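K.L.:
Fold the following and give me the result.
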Amino acid sequence: MSRIAELIALPLALLAACVGCSFLRAQSPSPPVGTNGARVISGVVLSGKTGQPLAEADVTLWDTVARKTAAEITADEEGRFSFSHLADGNFKLSAAHRGYVTAAYEEHDGAFTGIVTGEGLVSTGLRFTLAPQAVLYGTVSDDSGDPVPQARVSLYHQDHRNGLGKMVRANSTSADARGDFELDHLAPGSYFVAVVARPWYATHPRLMRDVQGKTIEDRNRSPLDVAYAVTYYPDTTDPGTAAPISVTAGDRIPISITLHPVPAVHITVQLSNPGPNQPVIMPQLHQEIFGTSDFVQAGVSYFQQGDRRDANSTTTVEIEGVAPGQYGVELNSQNNESGRFMTIDASSDHATADIALANPLVEVSGKVAMADHGTLPSDLNLILRPQQGDYGTAGRVEADGSFHFRPVRPGAYGLVAGASRHALSVTHLNANGGGVEGTVLKVGSEPVELTVTLSESAARIIGIAQLDGKPASGVCVVLVPTKPADGSQGGSLNQSDSDGSFNFPNIAPGEYTLLAIQDGWTLDWARPEVMARYLAKSQKVTVAAHVQDIHLKDPLEVQPK
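P.N.:
Coordinates of the predicted model:
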């Protein structure tokens, strides 16, 4: 099972992490409730590194059917815990201990094994291992050997929950005055490090200009007009050659990162007159770090050319103190004009970007309706999230079904709907002015008008994972749309429970392929070429409209990774 579907009824903010996939906490159907409350869940909490018991670990039992905490206890000196007087049911077991990563039982990035109690089921003698927290620490220094204070050190890793292995930021910290940093509370995994900083000693004098405002080449450039490029561990400015750091439970890994100052680039941005008494809106500079757009901190100044009362006057903005490279320049909307975005190659000392020549940000709006012509939830929101990057934009749906997003850049976006007491799926998407593939919107240069159809995602797919003829617990189970372009939602990742059962809730109508793969947590299961080798032992599932429960007749055979 997975953790997120426990929150499926929470507001849209919690749904934003699941664009393109449904990494779901499968709520099991209620088994027959025992009348005497004679069931017991017991075991011992152990260190995942030493195998030794963890004394006084905090253990919590959550009833996934009633959706409430069933009990909380502290393990004894031998790490043992026991919950008694339980009815038949399905429970989430979690544990916490100082110096260890808090986790659910057999957790894999949010998916975990639920403990099922009932006649003939084993729920005692559990061995609950916690991974010691790992730490990356070290120093950021200049190639002169001096420390780089306030350097921002960010940790990235591949997130396989959406089946694409997308790189996401996992942690971030700032170096202290000595350049020292520490990234702690890390779970085992493979990580990449990126460092962004500015030389504390750098000076960035404004460019000299003549009376017409034209730039005069500064032939006596200051040797302190320098900047640092984004630097990736171990010592590269090319993200393609960054080295992963393998972290195991309890590791304390020292790393050192050296930054190399280079002559800074001055980027000038030409802006038109915003009008009398209107403020000059400064452009924002962005750069790509592992495929994610990141805001660039830089010095900014501006020079007015002509009288502000003259409609033909212009403003030249100077962005100072950045390293040579590729940047995005974005100007927010003003005077009822759309914002604009452009990419520039700032490889020379003085780069110029005329924002008037940039592509306008694209307006995305539309109307949404329920598939059964029912009433829209009063707190309905839509999220448009880029397939590359961390941040999306939300649009509130009005009572008449209309919505409007903040203007976005051209690209591919996923669309997700959410409301506090409804599990919703986008079952149909049509775009006038853009392209559509399933529930993925392709935004070009034209404004987009969307027509969105939603349905209540009430269907559940229930089955048993089987290995060597026996129910298999803790197995990775994946539900993937057979035809991603048919309008069905993205795939879902799940985990079989202690009795081998699994349950995918809130599945939209469509055709799906179901697979069980031993230790398949790091597979890019959303890529057809990756999953092709597993299709022979998969099962096809059709989810029709208005169907609630789909019980698989045959066990799902577990395949080796």
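K.L.:
wouldn't Tyr100 be in contact with Glu56 here?
P.N.:
No: with contacts counted by CB atoms under 8 Å, Tyr100 stays clear of Glu56, the gap being 12.0 Å. From N, CA and C alone the C-beta is placed, and that goes for glycine too.
K.L.:
between the two, who's got more neighbours?
P.N.:
More neighbours surround Tyr100 than the other of Tyr100 and Glu56, with 22 against 12 (other CB atoms under 10 Å).
K.L.:
tell me the contacts of the more buried one?
P.N.:
Listed by CB atoms under 8 Å, 6 or more residues apart in numbering, the contact partners of Tyr100 are Ser47, Gly48, Leu54, Ala57, Leu130, Ala131, Pro132, Gln133.
K.L.:
And these, which two are furthest apart?
P.N.:
The span of the contacts of Tyr100, defined through CB to CB, is set by Ala57 and Gln133 at 13.9 Å.
K.L.:
what about those two, which has more around it?
P.N.:
Neighbours were tallied for Ala57 and for Gln133 using other CB under 10 Å; the higher tally belongs to Ala57 (25 against 20).
K.L.:
wait, doesn't the more buried one sit right on Ala103?
P.N.:
No: contact between Ala57 and Ala103 fails when scored by CB under 8 Å: they sit 11.1 Å apart.
K.L.:
residues shared between the contacts of those two?
P.N.:
Here Ala57 and Ala103 have Ala95, Leu130 as joint contacts, going by CB under 8 Å, 6+ apart.
K.L.:
where in the stretch 401-550 of the chain is pLDDT low?
P.N.:
Along the stretch 401-550 of the chain, segments meeting pLDDT under 70 span 484-490.
K.L.:
now do 80
P.N.:
438-439, 457-458, 483-491, 545-546 (pLDDT under 80).
K.L.:
what does the stretch 101-250 of the chain give?
P.N.:
Where the stretch 101-250 of the chain drops to pLDDT under 80, the residues are 162, 164, 204-221.
K.L.:
residue ranges for the strands of it, please.
P.N.:
103-104, 115-117, 126-130, 134-142, 152-159, 166-174, 180-186, 189-196, 208-209, 215-216, 226-228, 231-232, 245-247 (DSSP state E, counting those that start in this stretch).
K.L.:
Please render those strands as CSV that adds mean neighbour count and distance to Ala356 to the earlier fields.
P.N.:
Listed next are the strands of the stretch 101-250 of the chain as CSV, based on neighbours: other CB atoms under 10 Å; distance: least, CB to CB, whole Å:
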stretch, mean neighbour count, distance to Ala356
strand 103-104, 22, 53
strand 115-117, 25, 63
strand 126-130, 19, 58
strand 134-142, 20, 39
strand 152-159, 20, 33
strand 166-174, 16, 34
strand 180-186, 17, 42
strand 189-196, 20, 30
strand 208-209, 13, 20
strand 215-216, 12, 18
strand 226-228, 22, 27
strand 231-232, 22, 34
strand 245-247, 17, 44
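K.L.:
Kindly state which of those is positioned closest to Ala202.
P.N.:
strand 226-228 (5.2 Å).
K.L.:
Report the contact partners of Ala323.
P.N.:
Neighbouring residues of Ala323 by CB under 8 Å, 6+ apart: Ala227, Tyr228, Ala229, Val230, Val262, Ala264, Val265.
K.L.:
let's see 7 Å
P.N.:
With contact taken as CB atoms under 7 Å, 6 or more residues apart in numbering, Ala323 is in contact with Ala227, Tyr228, Ala229, Val262, Ala264, Val265.
K.L.:
For Ala194, state which of those residues is nearest.
P.N.:
Relative to Ala194, the closest of the contacts of Ala323 is Ala229; by CB to CB it sits at 10.8 Å.
K.L.:
Neighbours of the closest one, how many?
P.N.:
20.
K.L.:
Same question for Asp251.
P.N.:
The local packing of Asp251 (other CB under 10 Å) involves 16 other residues.
K.L.:
pretty sure it contacts Pro132?
P.N.:
No: using CB atoms under 7 Å, Asp251 is not in contact with Pro132, being 8.4 Å away.
K.L.:
could you show me where the strands are in the stretch 301-450 of the chain, in order?
P.N.:
Going by DSSP E, counting those that start in this stretch, the stretch 301-450 of the chain shows strands at 314-322, 325-331, 340-346, 350-354, 359-360, 364-370, 381-386, 393-396, 402-404, 411-418, 424-432, 435-437, 440-443, 448-456.
K.L.:
And the fourth one, what does it pack against?
P.N.:
Okay, so that is strand 350-354. strand 265-272, strand 340-346 (3 or more CB pairs under 7 Å, 6 or more residues apart in numbering; DSSP states H and E).
K.L.:
Kindly report the same for the fifth one.
P.N.:
The helices and strands touching strand 359-360, judged by 3+ CB pairs under 7 Å, 6+ apart, are strand 340-346.
K.L.:
could you redo the last one with a cut-off of 6 Å?
P.N.:
Judged by 3 or more CB pairs under 6 Å, 6 or more residues apart in numbering; DSSP states H and E, strand 359-360 has no packing partners among the helices and strands.
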